[in-house]
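In: Structure for this input, please:
(chains A, B, C and D)
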Amino acid sequence: MEAALFHLFSFLTLAGALLVITRRDPVNAAMLLVLTFFFMAGLFVLAHAWFLAAAQILVYAGAIMVLFLFVIMLLDAKEETRRCFGRVAGVGALAVGGALLAALAGVIRDGRLWRVPAGDAEGTTAAVGRLLFNTYLLPFEVASVLLLAATVGVIVLIRAPRRPDDAPPSA
Amino acid sequence: MNLSDLLPLLRFLAPEILLSALALGALLGEAALSRLLGVEKRQNLLGWLALLGLGACLVILGDQAARGETLALGRGAFVASPFNALLKTAATLAVMASVTMGLRAPFVRHVGENYALVLFSLLGMFFLLSAESLLMIFVALELTSLPLYALAASQKGARRSIEGGLKYLLFGGLSAAFLLFGISYVYGMSGQGSLAGLRDWLVAQRTAGGPGFLFLTGVCLMIVGLGFKIAAAPFHLWAPDAYEGAPLPAAAILASASKLAGIVVAARLLLGAFLPVAGNVLGSPLSWHAGWSPAVAALAVASLTVGNLAALAQRNAKRFMAYSSVAHAGNVLVAFLALDASGRPAALAAPAIAYYAVIYALTNAGVFAAIHALAWGARGDDFADFRGAARRAPFPAFFLLIFLLSLAGVPPMAGFFGKLFLFMAALQADATHWGLAWLVAYALAMNVVALGYYLRFARVLWVEPAEDLRPISTPLELRVALVALALLVLGLGVFPSSCLAAFRTMGGVLLLRG
Amino acid sequence: MEPPGLNHWLVVSAMLFCIGAAGVVLRRNLLVVLMSLEIMLNAANLALVAFSRYGNGLDGQIFVFFVITVAAAEVAVGLAILVALYRLCGTVRVSDIATLKL
Amino acid sequence: MLVWTFWISFLGSAAVALLPSHWKSEVRWLALLFAALGLALGLWGWGAYDVEVGGYQLGNGEGVPWIPELGVRFRLGADGFSLPLVILTGVIGVTGVLYSWNIEERVNQFFALYLLLLGGVYGVFLSVDLFLLVVFYEIAIVPKYFLIAIWGSTRKEYGAMKLVLYSFAGGALVLLGLAGIAFAADPAARSFDLERLAATNFSSGFQAWAFPAFFLGFGILAGLWPFHTWAPTGHVAAPTAASMLLAGVVMKLGSYGCLRVAIGLFPGALGATVLGVPGFWRWTITVLAAMNILYGAMVALVQRDFKFVIGYSSVSHMGFVLLGLVTLNLWGLSGALLQMFSHGIVAGLLFAVVGRLVYDRTHTRELDELGGLGRAAPFTASVFIIGGLASMGLPGMSGFFAELLVLIGSWKAFAWVLIPVGIGMIVTVVYTLRTIHLAFFGAAPLVGGDWRGLPPITLPEKAASCFLAAILFLVGLYPTVLLSMMDRASQQFLDRVKQTVPVHLARP
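Out: Now for the predicted structure:
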């Protein structure tokens, strides 16, 4: 059962990701991205990372996807024209990526990893929370500052000038 | 844990707490004053308050350095030590120069937010300079970078600023992804989150069949991520556009404090945690040993080549500085390779890297401050706009010359000693066989080219005739900043051992403690 | 069917990383490029969760928690820059942006 | 007290730079004052130096620690090698200011850079610590660029950049060697003190690569063939005072470094077997030095530009210095030292005549256009002839003893080299006479050959010219004035070197 679910979710995640980077319409891509992350949350559940599965869905579906869609609507982004893949950069990148993938796949078939037994870590909210607010308290605080900094950054970047005399000089 | 346990902690975290308070203060000040004062007034008031706060930070850091106490929190998540305090001091000084430049920047609309971003970024650097765990390095790196993305793009009326910021963000995100993916392998294979733990695990693995290929793949991916951060070729592609597009105060931070933090983190990871899998690049390629050294050697050679040769062809001062920064990444990477055949780093390596990172940050802050002063009366920041600037504004032009010569490695400026110590460290590593002489010789040859292009810039300022003879006035605070930075660059050059000795005595040179 | 081993997870994660990297390099639409960056970060998340499942304890999951935070912040700033760019130039395509042509 | 020479120059540089640029005459007098102070200190040092004792004197004793981590000390002093060169620097420094009296543009910057360069040169000659020496050497590079690029003529920016890059490349080689020295010896006794390093027995493997690095590094600055090409272009592009300093003093920095550092620390390398040839480096340098003499003279013979003639003649004369150094006998070494001093004065004088007395007045340096200048400017002609005769090595002039000693030395060391050297000396006579003839006595050119309206020679120029000419005669007629300390230093040097070099190389 677990194996079947793992293969199913893995397949769906990878397929979703592939579709994200191949869809021409950014709206489609955003929806597929959320779907991808949903399936990934499924994988998290299989890995007994219960809290993270919930967080994944909440943050990505609840926040990031909305943000993407909002911006897409705001920008009125059109479908992009099909890119010609003949460019040297593209081929080079594909080659490098393929090599990376092949190397990794080769290594990961390494027998040592087969034999690693599953641990007993249960990623419940209580367990994660206890760890987060004891050992990892300081990084947690830093992350909160990070979110604040990001908010301020966004304000600086997109808030319109407050008064007419504050208007930015035209470029 | 009760309150009396927390108080000593506060003493060690005081600079970080003060910085957070300053950033929040800037935000609140903006909210409170935006209806009372005009933009320029707010810019001045909040800016001076920020400078005051940063000055207080310097005092606290000086106190930390003088006390010589060390504290490690949460599995290496935060290590306060005198050595780190000195590095933070240098970063603070560079950021102070940037704030001074920003006091009169004409394009700033969101005054308090702007200062807050600068302070947040500095806060990130503080945590980064104190981080000895993978998690903290990742989070602090993001806290350093995110405000800088926004600052680089903050000149909203200028297309090149937004585009530069965007490029910086995309490459920064790519860098973070590589770093994180590498971290996931490194952490996953070893189960160690702290750098000291990683090092001990690797030492233990020497007798247990090695760390495995996947771990090494992780290390390589992390090197890619770090390469992006310190703008080492071939991962430097973002730098020219980001530097050129960013407003000068933001570019100054990119080139100075942010680079300092990147170099220190790279040193902590490679020469600290991953030292047991360094390999080496001594002698001919046939005698090299696998590890991260060959990869870093490739980065060093590529950076020296690309940075120095591309800088020759630049026509814009900021792009020029970006390529110069690539070249300097190459210089500093030379000392990363200062390992002997048994993998022990040269005694001079870590002090030399730290010394170089510090003086490089101060010098670059000076260069950008001087360019800012000159650009005040120029049309733009192309070389052509600075023709004959020495006649229009001899004061900043003189200091720009000093800083450029320091970058070129001309004594008695600190840049000369910085480069010399790096190269000496590389030769010290394998002193009986001169195994790194090939790399040092190449670096020296490339530095001859470097003098050529720094002099080219200096020629534009000092030799070429000026078309426009109206004098450019330099605000007093900028003059003070230039003089202070120049004194530091000269002082650390004439008395290099003051800094070097401090780095040496402060704790067995490298860097891991937790 | 035998239960999946650690290497299954790592293969999925590595493939996801490569897909994300390909998206960053090949796509013209900056929105999609940002999405691809998210995919790369999530590939690392998957690896971390897998390692956490196979014997490394909960610390890996804590790491993932932070990555999700960071990713959200990064997307927010990235989208903000895109909006600013769109306001100024009316485009979010790589090909229209001079500095992004390598 | 001698060590104050470079402090005074640096101080003077700062003082002059801070004066307003329109206080032109104050700037000139102040620069003259500081340059003269340097010369006075040098002359005092000449009087105070105890020749019998020899060795380093008049410095700050054992010095003070500077970078203790690396064993670097701030130690200064002068010996029979460096003291004559300090005096030479003082002489050229003073006369250079006098010949620059007419500079009108950015006067304060000119003299600030000039004094900075002067200070760097003093520092090199007075350093007893190798690290310190290299630092001063590098300090002296950058002012040259601006002196030439701002106040020069004839492709000045090209010439300036070429000169600076060559110097810096030489500096890079020296730095490589310097970094090597730091770790070649026992780390506990790490030191850059030249005296202590000279007493160290470096391994032959280390000497084999350190010697060429240092010799080539310094040799580039000494105009060693085929790395001499910066010299003519740089000298020609430079303003008069800078040409004088460059040819007169800065090239001596190179030969001084070759002697003091390359040969002084690694004498064993001269006799070492490289590529199966015993004494490979000594042979190579001898051949290159002979090429310097011959090639420089030949090229000078066919130049059309007056200043290029002098530029290539400098290359040729530096060949004698390098040749003398590798003879490793008393005649050759003393001769090389005397030639350094003599050529410094001669080159200073000749460049002053060409740059200041001729070019600044006629605005041409083409020998074809100059003819007949002798009647219109008799003072110029006589000064040039004095300098030219000294350059040919006429008895009674300083060049005579110098070249004679080098020739005797080479005869003892490797007689065959006298053939190309002899040809070179004959060519020297020919090109000097040709130049004198074309410039001063030839038929007046058809176009613009009327030189009667030339501005008169000013007092500072006359004073400087007579001063330099007097020194030429003084050293020519009574060479002991310098040779006594040179001989003593060379003797001490050879006594030390003999212990490490095969006997047949270092015959007394």
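In: Every contact and neighbour count from this point should use C-alpha atoms.
Out: Fine.
In: and C:Val32, what does it touch?
Out: Applying Cα atoms under 8 Å, 6 or more residues apart in numbering or on different chains to C:Val32 gives the contacts A:20-21, A:26, A:29-30, C:23-24.
In: Which pLDDT value does the model give it?
Out: Looking at C:Val32, its pLDDT reads 86.
In: does it count as helix, strand or coil?
Out: Here C:Val32 is recorded as helix under DSSP: H, G, I helix; E, B strand; the rest coil.
In: sorry, back to before: ok, and the most crowded of the contacts of C:Val32?
Out: A:Val20 (30 neighbours; other Cα atoms under 10 Å in any protein chain shown).
In: Nearest residue to it in space, ignoring adjacent ones along the chain?
Out: A:Ala29 (4.5 Å; Cα to Cα, 6 or more residues apart in numbering or on different chains).
In: before we move on, what about D:Gln339?
Out: By the measure of Cα to Cα, 6+ apart, the closest residue to D:Gln339 outside its immediate chain neighbours is D:Ala402, 4.8 Å from it.
In: Surely D:His235 and D:Leu245 touch.
Out: No: assessed by Cα atoms under 8 Å, D:His235 is found out of contact with D:Leu245, at 9.4 Å.
In: Next SSE downstream of the host helix or strand of D:Gly257?
Out: Using DSSP states H and E, D:Gly257 maps to helix D:251-257. Where DSSP H and E defines the elements, the next helix or strand beyond helix D:251-257 is helix D:264-265.
In: Run through the neighbouring helices and strands of the helix or strand just after that following helix.
Out: In the C-terminal direction, the helix or strand that comes right after helix D:264-265 (DSSP H and E) is helix D:267-271. Applying 3 or more Cα pairs under 8 Å, 6 or more residues apart in numbering or on different chains; DSSP states H and E, we find helix D:267-271 packed against helix D:204-221, helix D:280-301.
In: Count the residues that sit near residue 63.
Out: No chain specified, so I'll use chain A. Other residues within reach of A:Ala63, judged by other Cα under 10 Å, total 13.
In: meant chain D actually
Out: 16.
In: what do you get for A:Leu148?
Out: 17.
In: And it, which helix or strand is it part of?
Out: In the assignment (DSSP H and E), A:Leu148 maps to helix A:137-158.
In: Report the buried residues of that helix.
Out: For helix A:137-158, burial by neighbour count (16 or more other Cα atoms under 10 Å in any protein chain shown) applies to A:138-140, A:142-143, A:145-158.
In: and D:Ser67, bridged to which residues?
Out: Careful, residue D:67 is Ile and not Ser. On the basis of DSSP bridges, D:Ile67 is bridged to D:Val72.
In: Kindly confirm whether my reading is correct that it touches D:Arg73.
Out: Yes: between D:Ile67 and D:Arg73 there is a contact at 6.7 Å, judged by Cα under 8 Å.
In: more neighbours, those two?
Out: Per other Cα under 10 Å, whichever of D:Ile67 and D:Arg73 has more neighbours is D:Arg73, with 22 against 18.
In: ok, for the more buried one, nearest residue in space, not its chain neighbours?
Out: D:Pro65 is the one closest to D:Arg73 (Cα to Cα, 6+ apart), at 4.3 Å.
In: Now do the helix or strand where that neighbour lies: which elements does it pack against?
Out: Using DSSP H and E, the element containing D:Pro65 is strand D:64-67. Judged by 3+ Cα pairs under 8 Å, 6+ apart, strand D:64-67 is in contact with helix B:496-505, strand D:72-74.
In: Run through who's touching that strand.
Out: Outside strand D:64-67, the residues touching it (Cα under 8 Å, 6+ apart) are B:495-497, D:71-75.
In: picking up where we left off before, would you check that the residue nearest to A:Val20 makes contact with A:Leu19?
Out: Yes: counting by Cα under 8 Å, A:Leu19 is a contact partner of A:Ala29 at 7.2 Å.
In: List the contacts of the helix holding D:Gly257.
Out: Residues from elsewhere that reach helix D:251-257 (Cα under 8 Å, 6+ apart): D:81-82, D:85, D:121, D:124-125, D:137, D:214-215, D:218-223, D:321-322, D:340, D:344.
In: neighbours around residue 28, how many?
Out: Chain wasn't specified; assuming chain A. Neighbours of A:Asn28 (other Cα under 10 Å): 14.
In: Correction: the question concerned chain B.
Out: 15.
In: Secondary structure element for it, which one?
Out: Secondary structure from DSSP H and E places B:Leu28 in helix B:3-33.
In: Over to B:Ala261?
Out: helix B:257-267.
In: Mind pulling up the pLDDT for D:Pro232?
Out: Taking D:Pro232 on its own, its pLDDT is 85.
In: The residue of the stretch 51-200 of chain B found nearest chain D and B:Ala329: what is the separation?
Out: Closest approach between the stretch 51-200 of chain B and chain D, counting by Cα to the nearest Cα: B:Phe83, at 17.7 Å. B:Phe83 sits 22 Å away from B:Ala329, going by Cα to Cα, to the nearest Å.
In: do B:Lys88 as well
Out: 20 Å.
In: Identify each buried residue in the helix holding B:Leu28, please.
Out: For helix B:3-33, by 16+ other Cα under 10 Å, it's B:12-16, B:18-20, B:22-27, B:29-30.
In: Show me what that helix is packed up against.
Out: Going by 3+ Cα pairs under 8 Å, 6+ apart, helix B:3-33 lies up against helix B:39-67, helix B:111-130.
In: Which positions in chain C make contact with chain B?
Out: C:34, C:37, C:40-41, C:43-45, C:47-48, C:51-52, C:56, C:60, C:63, C:66, C:70, C:74, C:77-78, C:81-82, C:84-85, C:88-89, C:97, C:99-100 (Cα under 8 Å from any Cα of the partner chain).
In: Can you tell me which of those end up in helices?
Out: Judged by DSSP state H, the subset of the residues of chain C next to chain B located in helices is C:34, C:37, C:40-41, C:43-45, C:47-48, C:51, C:60, C:63, C:66, C:70, C:74, C:77-78, C:81-82, C:84-85, C:88-89.
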